[in-house]
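**Q** Pasted the sequence and its predicted model underneath.
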Amino acid sequence: MTKAETDRKRTPAKIARSRIPRFRTIQEEAEFWDTHSTAEFEDEFEEVKDVRFVVRRSSVDKALTVRLDKDTFVRLAEEARVQGVGPSTLVRMWILERLSQQRKTAQPFPAKQRRGRYGTIRR
């Protein structure tokens, strides 16, 4: 049976249409959920496993080029695929995690500073 034949056999009762509207922006969705209870839509929710949240930063405006050999890039791309993100996103996540760890464990920088190619560098 073709897809067109299957679609013709479906009745409106079989095609459940969501009462949750489609949103054009996050702000629009936030306003909707501010005025509605999720309890109103419990029948439309489904349980999911292995949820991963990725923080998207709209203020990312600097780029850094990192050269990798082919094998390293292939390993990076595979790990990114496993985690469900792109290679650039994974590297950015790793850098942010490492900087956060470093901030927690490192001794404060001395007051002396120097101006470097990439801005103020503390030593």
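**A** Everything's here; your move. On a predicted model such as this, the values are computed, not experimentally measured, just so you know.
**Q** dump the residue contacts of the most centrally placed residue in the chain.
**A** Centroid-nearest residue in the chain: Val54, 3.0 Å away (criterion: CA atoms, centre = their mean). Applying CB atoms under 8 Å, 6 or more residues apart in numbering to Val54 gives the contacts 85, 89, 93. In this view, the C-beta of every residue, glycine as well, is placed from N, C-alpha and C.
**Q** 10 Å instead?
**A** Residues in contact with Val54 (CB atoms under 10 Å, 6 or more residues apart in numbering) are 83-85, 89-90, 93.
**Q** So which of the residues you listed are in helices?
**A** Assigned to helices by DSSP state H, the following of the contacts of Val54 qualify: 83, 89-90, 93.
**Q** can you map out the strands along this structure?
**A** Secondary structure of the chain (DSSP state E): strands at 113-116, 119-122.
**Q** For the last one, the averaged confidence score.
**A** Just to be clear, that refers to strand 119-122. The pLDDT scores in strand 119-122 average 60.
**Q** Offset the numbering so it begins at 2, please.
**A** Renumbered: residue one is now 2, and that last one reads strand 120-123.
**Q** domain parsing for this structure?
**A** If you go by automatic domain parsing, the domain ranges for the chain are 18-46, 66-107.
**Q** Dump these to JSON lines, plus distance to Ser60.
**A** Formatted as JSON lines, the domains of the chain follow (distance: least, CB to CB, whole Å):
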{"stretch": "domain 18-46", "distance to Ser60": "15"}
{"stretch": "domain 66-107", "distance to Ser60": "12"}
